[in-house]
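Asker: heads up, no residue letters with this:
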């Protein structure tokens, strides 16, 4: 394979033959695969007492009693998600190969979350095509514009994604589902193989355990933890190989994170080219004893362990180019901004907006700053309106956008202009991601973004949090 994608090359080398970031694919024959008998989700687990969560979940999905790290298996995912940017491409590819029906349409979710506010007649046409494809393929779960929100967030809120599930997705940020203990893999264009056959060869990855201890200090956020971890892995601070590994979060500090914090942390490290991310902590609505069936065994064989003291985490910003370019906020303090937004799959949960609203209440965004609020789901948007938070944002001068990706979808809405500086909670901050290639996109936590929008420049949120 001749892949030049910095972030996904290693993953493509080890388990895939495609690089979706550059749009290059090395075709692999799509062959009929004999349907495998699926084991009930609740029966996962007659596995040996030293198995990681990854081994347990892949064994169950592959119809096996146990699997070993490095072994190639054929899991049948419980859910397959495809976003609006690839729906038409998948249909054309499979139609050209003669496929007229999918193997398990009831397990497929189509979601429109990138292009939700049609800005051109061409966009309207693309939406019409996606609706038509969903009907032709009899897609089991189709969420059109205004129906769900961001495809990495609302399935967590509405219970479509639950602990112990295995998910395949076109988009790499599906690892966000690990916030509730689901194992999700971003497979890029090879999701067409899953649509046609119901499975895809997968090498069982090793697991890196990240033990969180202590508690975050006031003004710091789960995104800051993610930035510190991402930079540390990229710089080989802990001398561990993260290439196609699963990051598992646990420890007493992990228990202090609400669901929004777990989502933010699972989303933050995806860009490095890891295999997946998940929390070894039961969601609030799941009993620990029940969750243990899907969690790593007490003596699981982790490839490496890292400990992070949450009490030492200070606010961070990621400089333009990637989340691994994280620095303490003081290193970028004072940089003037013209554009800011809170939302996307990075930090689009209700609690993220509640934190930001606490800073913005009774204050006004600085002149010359365009600030956008992008709820991660329709449900979150409704809560913001019902609880009066939308009013706080509007009184501060922020603008509310439809639920979805917002500016992070290549600037399809509220783009960044040439020469402008943005700070946001987006998942990605590469050149041109928010619009003009000449813009400078910084990343931060919801607290850092809100405080910076008030000041008109990048600031330390602790200077504002202490005044609440």
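Answerer: Cool, the structure landed. Bear in mind the structure is a predicted one, so any value in this text is a computation, not a measurement.

Asker: what helices or strands is the helix or strand hosting residue 194 leaning on?
Answerer: Using DSSP states H and E, residue 194 sits in helix 191-197. Here helix 191-197 touches strand 79-83, helix 84-96, strand 166-169, going by 3 or more C-beta pairs under 8 Å, 6 or more residues apart in numbering; DSSP states H and E. For the C-beta atoms, the positions are set from N, CA and C on the backbone; glycine is no exception.

Asker: redo that, cut-off 6 Å
Answerer: In terms of contacts (3 or more C-beta pairs under 6 Å, 6 or more residues apart in numbering; DSSP states H and E), helix 191-197 is packed against helix 84-96.

Asker: If you count neighbours, what's buried in the helix it packs on?
Answerer: Across helix 84-96, burial judged by 16 or more other C-beta atoms under 10 Å covers 84-87, 90-91, 93-94.

Asker: and which of the residues you listed is nearest residue 382?
Answerer: Residue 382 has its nearest neighbour among those in residue 84, at 22.1 Å by C-beta to C-beta.

Asker: related to what we said a few turns ago, now, which of the buried residues of helix 84-96 sits nearest residue 121?
Answerer: For the buried residues of helix 84-96, the nearest to residue 121 is residue 84 (16.3 Å; C-beta to C-beta).

Asker: In contact with the closest one: list those residues for me.
Answerer: 112, 114-115, 130 (C-beta atoms under 6 Å, 6 or more residues apart in numbering).

Asker: Give me the distance between it and residue 376.
Answerer: According to C-beta to C-beta, to the nearest Å, residue 84 stands 16 Å off from residue 376.

Asker: how about residue 389, what does it touch?
Answerer: Going by C-beta under 6 Å, 6+ apart, the list of residues near residue 389 reads 353, 357.

Asker: go again using 7 Å as the cut-off
Answerer: Contact analysis of residue 389 by C-beta atoms under 7 Å, 6 or more residues apart in numbering lists 353-354, 357.

Asker: My guess is residue 451 contacts residue 360. True?
Answerer: No. With contacts counted by C-beta atoms under 7 Å, residue 451 stays clear of residue 360, the gap being 9.2 Å.

Asker: Spell out which residues make up each domain of this protein.
Answerer: 9-20+51-203, 207-312, 320-465 (automatic domain parsing).

Asker: Now the terminal residues of the shortest one, how far apart.
Answerer: The one in question is domain 207-312. Here the two ends of domain 207-312 are set 25 Å apart, with distance taken as C-alpha to C-alpha, to the nearest Å.

Asker: Output the lowest mean pLDDT helix or strand found in this structure.
Answerer: For the chain, using mean pLDDT, DSSP states H and E, the weakest element among its helices and strands is strand 24-25, scoring a mean of 34.

Asker: what about the next helix or strand after that one, average pLDDT?
Answerer: Going down the chain from strand 24-25, the next helix or strand is helix 53-61, by DSSP H and E. Mean pLDDT, computed over helix 53-61, is 98.

Asker: Tell me the helix or strand right after helix 53-61.
Answerer: The helix or strand immediately downstream of helix 53-61 is strand 72-73, counting by DSSP H and E.

Asker: For that next one, report the contacting residues that lie outside it.
Answerer: Around strand 72-73, the neighbours that count as contacts under C-beta under 7 Å, 6+ apart are 58, 62, 64, 67, 201-204.

Asker: 10 Å instead, please
Answerer: 15, 58-59, 61-64, 67, 199-204 (C-beta atoms under 10 Å, 6 or more residues apart in numbering).

Asker: Now compare those and name the two farthest from each other.
Answerer: 15 and 63 (19.5 Å).

Asker: So which of these two has more stuff around it?
Answerer: Shown here are residue 15 and residue 63; by other C-beta atoms under 10 Å, residue 15 has more neighbours (19 against 14).

Asker: buried ones in the strand or helix carrying residue 464?
Answerer: For residue 464, the host element (DSSP H and E) is helix 462-465. Across helix 462-465, burial judged by 16+ other C-beta under 10 Å covers 462, 464-465.

Asker: that older thread, just the buried residues of helix 84-96 now: which is nearest residue 103?
Answerer: Closest approach to residue 103 among the buried residues of helix 84-96 (C-beta to C-beta): residue 94, at 10.8 Å.

Asker: Thought residue 195 was touching the closest one, still the case?
Answerer: Yes. Residue 94 lies in contact with residue 195 (C-beta atoms under 10 Å); the separation is 6.4 Å.

Asker: circling back to that earlier point, list the residues that are in contact with both of residue 451 and residue 360.
Answerer: Common neighbours of residue 451 and residue 360 (C-beta under 10 Å, 6+ apart) are residue 464.

Asker: Looking at those two, which is more packed in?
Answerer: Neighbour tally, residue 451 and residue 360, criterion other C-beta under 10 Å: the higher count belongs to residue 451, 29 against 26.

Asker: So that one: helix, strand or coil?
Answerer: helix (DSSP: H, G, I helix; E, B strand; the rest coil).

Asker: go on, residue 327?
Answerer: Secondary structure for residue 327, judged by three-state DSSP, is strand.

Asker: What's the first helix or strand after the longest helix anywhere in the chain?
Answerer: Using DSSP state H, we find that the single longest helix of the chain is helix 121-136. Sequence order places strand 141-143 as the next helix or strand after helix 121-136, per DSSP H and E.

Asker: Which residues does the helix or strand following that following strand contact?
Answerer: Under the assignment DSSP H and E, the closest C-terminal helix or strand after strand 141-143 is helix 154-157. Here helix 154-157 makes contact (C-beta under 10 Å, 6+ apart) with 79, 81, 109, 111, 113, 141, 143, 147-150, 160-162, 165, 167, 174, 176-177, 179-180, 182, 259, 262-263, 283, 348-350, 375-380, 383, 403-404.

Asker: among those residues, which are in strands?
Answerer: Per DSSP state E, strands hold the following members of the contacts of helix 154-157: 79, 81, 109, 111, 141, 143, 167.

Asker: so how far is residue 147 from residue 397?
Answerer: Residue 397 is 29 Å from residue 147, where distance means C-beta to C-beta.

Asker: For those two, work out which one has more neighbours and name it.
Answerer: The neighbour comparison of residue 397 against residue 147 (other C-beta under 10 Å) goes to residue 397, with 17 against 13.

Asker: Check the contact between the more buried one and residue 456; I expect there is one.
Answerer: No. Using C-beta under 10 Å, residue 397 is not in contact with residue 456; the gap is 11.5 Å.

Asker: what touches both of those two?
Answerer: Counting by C-beta under 10 Å, 6+ apart, the common neighbours of residue 397 and residue 456 are 365-367, 369.

Asker: Appreciated, that's everything.
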